[in-house]
Every structure is written in C-alpha cells, then in structure tokens.
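Chemist: just a sequence and a predicted model for now, questions to come.
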Number of protein chains: 2
Amino acid sequence: MEKSSDVLTKEQIIAATEETIRRYGMAKTSVTDVAKALDVSHGSIYRHFKSKTELFEAATEQWLEEKIVAPLADVCRDSSLHGVGHVQAYIQTLVRLKRHYAREDEALFAMYAKVSDESAELISKHIGRIVGHLMDIMLRGGLESDHPERSARAVFYATARFHHPAHAYEWKSAAIDAEFSDVWALIEQGLKTND
Amino acid sequence: MEKSSDVLTKEQIIAATEETIRRYGMAKTSVTDVAKALDVSHGSIYRHFKSKTELFEAATEQWLEEKIVAPLADVCRDSSLHGVGHVQAYIQTLVRLKRHYAREDEALFAMYAKVSDESAELISKHIGRIVGHLMDIMLRGGLESDHPERSARAVFYATARFHHPAHAYEWKSAAIDAEFSDVWALIEQGLKTND
C-alpha cells in the first residue's frame, strides 16, 4: 500500500480505522492510532477528516451501507416476494443482520451504537434508506395507505426493540424470536387490514 | 428525624438517596454522600443494603412503583374505559409518564435508565407488572387471544420506542406524537382483528 499522504485516500483511512477499532476497541482508538496503522502523521488524517467524530461517522456510514443497507436492498429487489410476506422478509433480514453483527463484529457494532446516540443526522439518513425500501415494497405489494411514508416508518418503529442497537442486550434472551413473532403477528394484522 | 442507626429505616435511606442523586447526579453520588445526608456512618447504610448497586436498585424499584406503576394501576382499574380504547389509554399514559419524568426528574430517570441496563431481574419484574395490567384490560375488554400474556407483551414491545429509557433522546423530536399515532394505528388494527 502507498503510504505517502498525497495518495492517501478516505477509503484507506476508513479501512485502517475499522481495523484499529477491531483491535483496540472503540474507547481506546485515537486518530494517532489510525495514523500509526497507516504509517502517516495524524495531520494526514486531519486533511481528510476534520475531527475524530467526523472520522468515526464516516466509518459508521460505510459500515451501515455495506453490512446492513446493501443486503436489505437485495431483499427489497427480490421479485419472488410480495405484499405482507415481502415486508416480513425485509424486517426479519434487518433483525437478523443486526443481531449477527452485534455478536460477530462487536467492536464495530459498538461504534455504530455510539454514533447512533450522538449523530442524529447520520442515523436519520440511514433510517430514511430503510423507510424508502419499505415504502417501495408496500406500494409494489398493493399495501395501500393514505400516507405510505408514515406507514412504512410505523413498521420500522414498531419493531425497534428488535433492531435498534440500544436493545442489543435483550437480543441474547432465549425468548427473543418468540417475542418478535408475537409483535409481527400484531403488525401483520394491521398491514393486512389496509390490504 | 431520628438519626441514630438503630432506628434508621430502609425508607429513610432511599429518600436520602433520591435527594442526593437529585442534588449531585447519578455518577457523583456515593454511599458516603447518602450517609452524610443522613448524618450516619456509611456502615449504617450497609446494614440495610449490601452494596451501592443494591441501594440504587431499591431506589429505582420504589421510584418505578410510585411514579409509573401506581398511576398505571389507576388507568387499569378505570371502569369508564373498555376494550381497545382502554389498552390505548393505558399505553398512552405509560408513554406520557416516561416522557414527563425524563424531562422533569432527569437525575432519577438517569438512575432508572442505568439500572434498566444492568439489572435484568428488576426490570423483568417491572415489565411483568405492566404486562399483568395489559392482560387484565384485554381480557375484561373481550380482546380474546390464544395466548393473552404473549399478546399483552407484544403490545408493550411494539411500543418500546416510546417508553423504553434508551429511546429518551428521541422523545424530544417534534414528530414523536405523530409517530406514536402511526404505530398505534398499526397495532390497533391488529388488536381489533382479534376482537
């Protein structure tokens, strides 16, 4: 890898940030650690990211896009699914992905959880992507509503306990799958009534 | 107030704990501060509570019982309410109470949020009280279900975003009431289908 700062890219810095967080954890990772991992001065990092906050936000944005939004976009496009079953498959994928990364990519999930708390704008944009997918699925599936965007958002919020990072500690419960099924049954009836 | 430790009661210690947390905040309150407020040695506190954790849990339990469960029990008993409307009034009271105390009793709400994260048993018992109320309302209101306890729990979990303390930062949003209404509309349809 080229190390001189004039060819250092944002992508390289984000990759090194992820690697460093996975090694040392979120709390112990500084911009200096990332610079060290790249063998550059920390000034080289600050030329691309104004602050540690901005760097961690960029890393979270990329992590969410790659690990969560990309596979969800595949479910959204899946033409073998339709209507309420399509909405269910989408939400179940969201729940499964979040649970998977909370367990298997703990350090970066902790980064995402922290940024969720602190960067309203980034998270609002991320939720916007998901609500967009849900609207698309609901409209194509004939799940009519006077307010499609609000209906899609309601499905997202009613299932928050199963995908919002603040609830990750509850996902280890043996009852979590049954609890999701029960919440889904309640929502499904609501969606079908609008069908 | 009697200050000698032989007549010191758990109730007095909890009252002093609340007062101290309201004055100094959760993070800065120690058992020694509580002992000082009561003019007793910290050993006198430890005769009643084995640890700071146990003391804070007892304070949280009492706070939840007094501020949240007692007014909810009134709504549960309210014979002017019936069926889906009764469930809605109950959940709306829960949401309103949590939002009120997050704003007006910030220090003790922070105590409750921290204990929620750390004491699964206490919170599970608290949720059990609420699920019990909801089951009672649903059964009296003719909202039949094959699994009344699971249905009641589903209503509680589907509205978690609006009453779980980890979401308190989202309650300041101007859209929060509209978002609750939309989630409620979804659930209400689900409840009515079982009616």
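Modeler: All right, it came through fine.

Chemist: now do the contacts for the residue nearest to the spatial centre of chain A.
Modeler: Centroid-nearest residue in chain A: A:L64, 3.9 Å away (criterion: CA atoms, centre = their mean). A:L64 makes contact with A:Y112, A:H126, according to CB atoms under 8 Å, 6 or more residues apart in numbering or on different chains. C-betas here are computed from N, CA, C, even on glycine.

Chemist: host element of it?
Modeler: helix A:52-64 (DSSP states H and E).

Chemist: let me know the average pLDDT across that helix.
Modeler: Helix A:52-64 comes out with an average pLDDT of 96.

Chemist: what comes up buried for that helix?
Modeler: For helix A:52-64, burial by neighbour count (16 or more other CB atoms under 10 Å in any protein chain shown) applies to A:K52, A:L55, A:F56, A:E57, A:A58, A:A59, A:T60, A:E61, A:Q62, A:W63, A:L64.

Chemist: now find how far off-centre that helix is within its chain.
Modeler: Its chain's average C-alpha position is 12 Å from that of helix A:52-64, according to CA atoms, centre = their mean, to the nearest Å.

Chemist: could I have it exported to CSV, CA atoms only?
Modeler: Written as CSV, here are the backbone C-alpha positions of helix A:52-64 (Å, rounded to 0.1, in the frame of the first residue of the first chain):
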residue,chain,number,x,y,z
LYS,A,52,-12.2,12.1,15.3
THR,A,53,-16.0,12.4,15.4
GLU,A,54,-16.1,13.0,11.6
LEU,A,55,-13.8,10.0,11.0
PHE,A,56,-15.9,7.7,13.2
GLU,A,57,-19.1,8.9,11.5
ALA,A,58,-17.7,8.2,8.0
ALA,A,59,-16.6,4.7,9.2
THR,A,60,-20.1,4.1,10.6
GLU,A,61,-21.8,5.3,7.4
GLN,A,62,-19.7,2.9,5.3
TRP,A,63,-20.2,0.0,7.8
LEU,A,64,-24.0,0.5,7.7
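
Chemist: close enough to count as contact, A:T60 and A:A113?
Modeler: No: the pair A:T60 and A:A113 fails to qualify as a contact (CB atoms under 8 Å) at a distance of 9.5 Å.

Chemist: tell me the spacing between A:K67 and chain B.
Modeler: A:K67 sits 21 Å away from chain B, going by CB to the nearest CB, to the nearest Å.

Chemist: check contacts around that residue.
Modeler: With CB under 8 Å, 6+ apart, A:K67 has these contacts: A:L97, A:Y101, A:D105.

Chemist: isn't the first one up against A:P71?
Modeler: Yes: under the criterion of CB under 8 Å, A:L97 lies in contact with A:P71, with a separation of 6.3 Å.

Chemist: which of these two has more neighbours?
Modeler: A:L97 (17 against 14; other CB atoms under 10 Å in any protein chain shown).

Chemist: can you give me the neighbour number for A:H86?
Modeler: 22.

Chemist: again but with A:I130, I slipped
Modeler: Applying the criterion other CB under 10 Å, we find 23 residues in the vicinity of A:I130.

Chemist: what lies in contact with the host helix or strand of it?
Modeler: Secondary structure assigned from DSSP H and E places A:I130 in helix A:120-140. Here helix A:120-140 makes contact (CB under 8 Å, 6+ apart) with A:57, A:60-61, A:64, A:68-69, A:72-73, A:75-76, A:81-82, A:86-87, A:90, A:94, A:115-116, A:145, A:148-149, A:151-153, A:155-156, A:191.

Chemist: restricted to strands, list those.
Modeler: Secondary structure assignment by DSSP state E places none of the contacts of helix A:120-140 in strands.

Chemist: domain assignment for chain A?
Modeler: A:1-49, A:56-193 (automatic domain parsing).

Chemist: weakest of these in terms of mean pLDDT?
Modeler: domain A:1-49 (a mean of 90).

Chemist: follow-up on the earlier one: next one: the residue nearest to the centre of chain A from A:L122, what distance?
Modeler: 8 Å (CB to CB, to the nearest Å).

Chemist: ok, now A:S181?
Modeler: 31 Å.

Chemist: and if you look at A:T159?
Modeler: A:T159 sits 21 Å away from A:L122, taking CB to CB as the criterion.

Chemist: neighbour count for the two, which is higher?
Modeler: Taking neighbours as other CB under 10 Å, A:T159 and A:L122 compare with A:T159 leading, 23 against 17.

Chemist: contact partners for the more buried one?
Modeler: Neighbours of A:T159 in contact, by CB under 8 Å, 6+ apart: A:I91, A:L94, A:V95, A:F180, A:V183, A:W184, A:I187, B:A158.
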